[in-house]
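Chemist: Any chance you could fold what I've pasted below:
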Amino acid sequence: MKKFIILLVFTQLSFSQNILDLKSRADVIKDLQKDRLDNLLPDLMEETGIDMWVLITREYNEDPIIKTLLPPTWLNARRRTILAFYHNNKGEIEKAAITRYNFGENIPSIWDKDKQPDQLKALYDYIKSKKPNKIGLNYSEHFALVDGISKTDFDLFYNNAPITIKNKVVSAEELGIRWIETRTQKEKVIYDQLVEITHNIINEAFSTKVITPGVTTTDDVVWWMREKVLSLNLKTWFHPTIDVQRNSQSDLYAFDGKSKFDIIQPGDLVHCDFGINYLTLNTDCQQIAYVLKPNENKAPEYLSNALKDANKLQDIFTDNFGYKKTGNQILKESLEQAKSEGLKPQIYTHPLGTYGHSAGTTLGMWDSQDGVPFKGDFKMNFDTVYAIELNNRTYINEWNKEVRIMLEEAGMFEKDGFRYVNGRQTEIILIGKNLH
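Modeler: Predicted structure coming up:
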């Protein structure tokens, strides 16, 4: 724990020194995984009623759950990798790998191939020795991230299992979702820094260091962001987006193809969609900037007011969050309230964390504003993170059309309520200087 704290302190020195080297990252990731296995998994297995969780995967075709457990010195599973977690009557997790190697330092191998050449029989023997009531396997019709066991591995396990084991097999869907969506205290501390790094990159991208109005294209900024992330030894989990809205266009000019391939001009409202992957977690952020015209030193009031409308929509939406409420319920309440208060909202918020589009309750999609079947029916839990992704349309008299203010920020739902992980945008970023 002491080493973990020291590493976090080191990361706060300055933005140029904000990223841990690979070896230091490996130490943090190993610590995070051990903490999750020892202190989170017992509660989740108790909550979902599964006392044996079996994960079977193969090299280069990894179960998404396995990827959350890969030792930091393993980039892929090896051969056929089998993990088994048993929740014993003491409330502890017994961790076992039925593999040729220890699964890193956190999960020891119990398979002696010289004594039992058949890997599956070794697994069956282990299961019999623990006498579980329910054996969870990762298959799910509606949640891809917890549908990780391949048909080959499922058939191999199930078709050859003794009847006493077959009768105990259930889907580990809920357990898998809860494992992916839940953040520990240590991860919460780290998450704040991840979002700060993301905001710092956006602020630099939305500056004259990167953008020369009248010269720089939206695509230039996209590739600058990619190169910036690479230079920091980080990764993006999706290709960034930069687009513009401006006075001279007659259409809404957002969610289209043209606005992503423009030369950025003075007077443009510029929007980005950008996220990074670092220390097993992901960010997802959308912010807006305004390119100052000569003699301007602030964004036009009508655009600032449009941002305030979008912030109001954020407040309405997150104020409706509630423990064990479904995403569809929250979506319906929020859209109805926002419209009653004169807004023109669209909400398409998703779980965020171990994956960018992660597991958990989905709160609308841009093309599913009446609710999302199955994923939107999953109930909201504490210690979960969401990309608060939405937009509001505001009519601008000066432009004789509507603009769409698209925002996205990482937000945490806890027992104390909702909070943004590292704040949110409430003022438009300004590109350029007052030339007067």
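Chemist: So what's the residue count around the closest residue to Asp273 other than its chain neighbours?
Modeler: The shortest distance from Asp273 to any residue other than its chain neighbours is 4.0 Å, reached at Thr241 (CB to CB, 6 or more residues apart in numbering). (C-beta placed from N, C-alpha, C; glycine too.) One way to gauge burial is a neighbour count; for Thr241, by other CB atoms under 10 Å, it gives 17.
Chemist: what does Glu105 give?
Modeler: There are 12 residues near Glu105, going by other CB under 10 Å.
Chemist: correct me, but it touches Asp31?
Modeler: No: here Glu105 does not reach Asp31: they are 10.4 Å apart, not a contact under CB atoms under 8 Å.
Chemist: How about the contacts made by the residue nearest to Asp273?
Modeler: 222, 260, 271-274 (CB atoms under 8 Å, 6 or more residues apart in numbering).
Chemist: quick one: it and Ile197, what's the gap?
Modeler: Note on Thr241: its distance to Ile197, by CB to CB, to the nearest Å, is 19 Å.
Chemist: and Leu137, backbone torsions?
Modeler: According to degrees, to the nearest 10, the main-chain angles of Leu137 amount to phi -120, psi 150.
Chemist: For the residue lying closest to it once chain neighbours are set aside, report the pLDDT, please.
Modeler: Residue nearest to Leu137 in three dimensions, not counting chain neighbours: Ile149, with 5.5 Å by CB to CB, 6+ apart. Among the per-residue scores, Ile149 shows a pLDDT of 96.
Chemist: what about Ile149, neighbour count?
Modeler: Using other CB under 10 Å, Ile149 has 24 neighbouring residues.
Chemist: What average pLDDT does stretch 56-74 get?
Modeler: Taken as a whole, stretch 56-74 carries a mean pLDDT of 91.
Chemist: Pull the residues that contact it.
Modeler: By CB under 8 Å, 6+ apart, stretch 56-74 touches 25-26, 29-30, 33, 37, 55, 76-83, 103-107, 137-138, 144-146, 148-150, 153-154, 156-157, 176, 179-180, 280, 354-355.
Chemist: would you list every one of the helices in the stretch 201-350 of the chain?
Modeler: Listed from the start of the chain, the stretch 201-350 of the chain has helices (DSSP state H, counting those that start in this stretch) covering 218-231, 301-319, 327-340.
Chemist: For these, give me a markdown table that also has distance to Ser129 and mean pLDDT.
Modeler: Listed next are these as a markdown table, based on distance: least, CB to CB, whole Å; pLDDT from 0 to 100:
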| stretch | distance to Ser129 | mean pLDDT |
| --- | --- | --- |
| helix 218-231 | 47 | 96 |
| helix 301-319 | 48 | 98 |
| helix 327-340 | 41 | 98 |
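Chemist: ok, for the most centrally placed residue in the chain, nearest residue in space, not its chain neighbours?
Modeler: Of all residues in the chain, the one closest to the mean position by CA atoms, centre = their mean is Leu352, 2.5 Å from it. Nearest non-adjacent residue to Leu352, counting by CB to CB, 6+ apart: Ala387, 4.3 Å away.
Chemist: contacting residues for the one you found?
Modeler: Taking CB under 8 Å, 6+ apart as the definition of contact, the neighbours of Ala387 are 284, 349-352, 356, 408-411.
Chemist: Got phi/psi on it?
Modeler: Backbone torsions of Ala387, given as degrees, to the nearest 10, read phi -80, psi 100.
Chemist: ok, now how distant is it from Thr182?
Modeler: Distance, Ala387 to Thr182, by CB to CB: 16 Å.
Chemist: for Tyr158, same thing?
Modeler: Going from Tyr158 to Thr182 by CB to CB gives 28 Å.
Chemist: Wait, His239 touches Met225, no?
Modeler: No: using CB under 8 Å, His239 is not in contact with Met225, being 9.4 Å away.
Chemist: These two: who's more crowded?
Modeler: Met225 (23 against 11).
Chemist: which non-adjacent residue is nearest that one?
Modeler: Take Met225 and drop its neighbours on the chain: the residue closest to it by CB to CB, 6+ apart is Pro240, 4.7 Å away.
Chemist: so the one you found sits right up against Phe274, yeah?
Modeler: Yes: here Pro240 lies in contact with Phe274, judged by CB under 8 Å, at a distance of 4.4 Å.
Chemist: Quickly list what's touching both of the two.
Modeler: Contact criterion CB under 8 Å, 6+ apart; residues shared by Pro240 and Phe274: Met225.
Chemist: Between those two, tell me which one has more neighbours.
Modeler: Set side by side, Pro240 and Phe274 show more neighbours around Phe274, with 26 against 22, by other CB under 10 Å.
Chemist: List the contacts of the more buried one.
Modeler: Contacts for Phe274 were tallied using CB under 8 Å, 6+ apart; they are 198, 201-202, 205, 225, 236, 240-241, 284-286.
Chemist: Between which two of these is the distance greatest?
Modeler: The two members of the contacts of Phe274 with the most space between them (CB to CB) are Ala205 and Asp284, at 15.6 Å.
Chemist: re earlier: same drill for Tyr158 and Thr182, tell me which one is more crowded.
Modeler: Set side by side, Tyr158 and Thr182 show unequal neighbour counts under other CB under 10 Å, the larger going to Thr182 at 21 against 13.
Chemist: Return the backbone torsion pair for the more buried one.
Modeler: The main-chain torsion angles of Thr182 are listed as degrees, to the nearest 10 and equal phi -90, psi 130.
Chemist: what residues are up against it?
Modeler: Contacts of Thr182 were listed using CB under 8 Å, 6+ apart, and they are 40, 44, 381, 383-384.
Chemist: Repeat that for Val146.
Modeler: Contacts of Val146 by CB under 8 Å, 6+ apart are 64-65, 138-140, 172-173, 176-177, 180, 359.
Chemist: Mind giving me the PyMOL command for buried ones among those residues?
Modeler: Here is the PyMOL command that selects the buried residues among the contacts of Val146 (16 or more other CB atoms under 10 Å):
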select buried, resi 64+65+138+139+140+172+173+176+177+180+359
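Chemist: Turn the contacts of Val146 into TSV, including secondary structure and distance to Asp367.
Modeler: Converted to TSV, the contacts of Val146 look like this (DSSP: H, G, I helix; E, B strand; the rest coil; distance: CB to CB, whole Å):
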residue	secondary structure	distance to Asp367
Pro64	helix	24
Ile65	helix	29
Asn138	coil	28
Tyr139	coil	27
Ser140	coil	23
Ala172	coil	30
Glu173	helix	25
Gly176	helix	26
Ile177	helix	23
Ile180	helix	24
Ala359	coil	21
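Chemist: Tabulate the contacts of Val146 in a markdown table, adding columns for distance to Val372.
Modeler: Output for the contacts of Val146, formatted as a markdown table (distance: CB to CB, whole Å):
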| residue | distance to Val372 |
| --- | --- |
| Pro64 | 20 |
| Ile65 | 22 |
| Asn138 | 22 |
| Tyr139 | 21 |
| Ser140 | 15 |
| Ala172 | 22 |
| Glu173 | 16 |
| Gly176 | 19 |
| Ile177 | 15 |
| Ile180 | 17 |
| Ala359 | 13 |
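Chemist: Many thanks, we can stop here.
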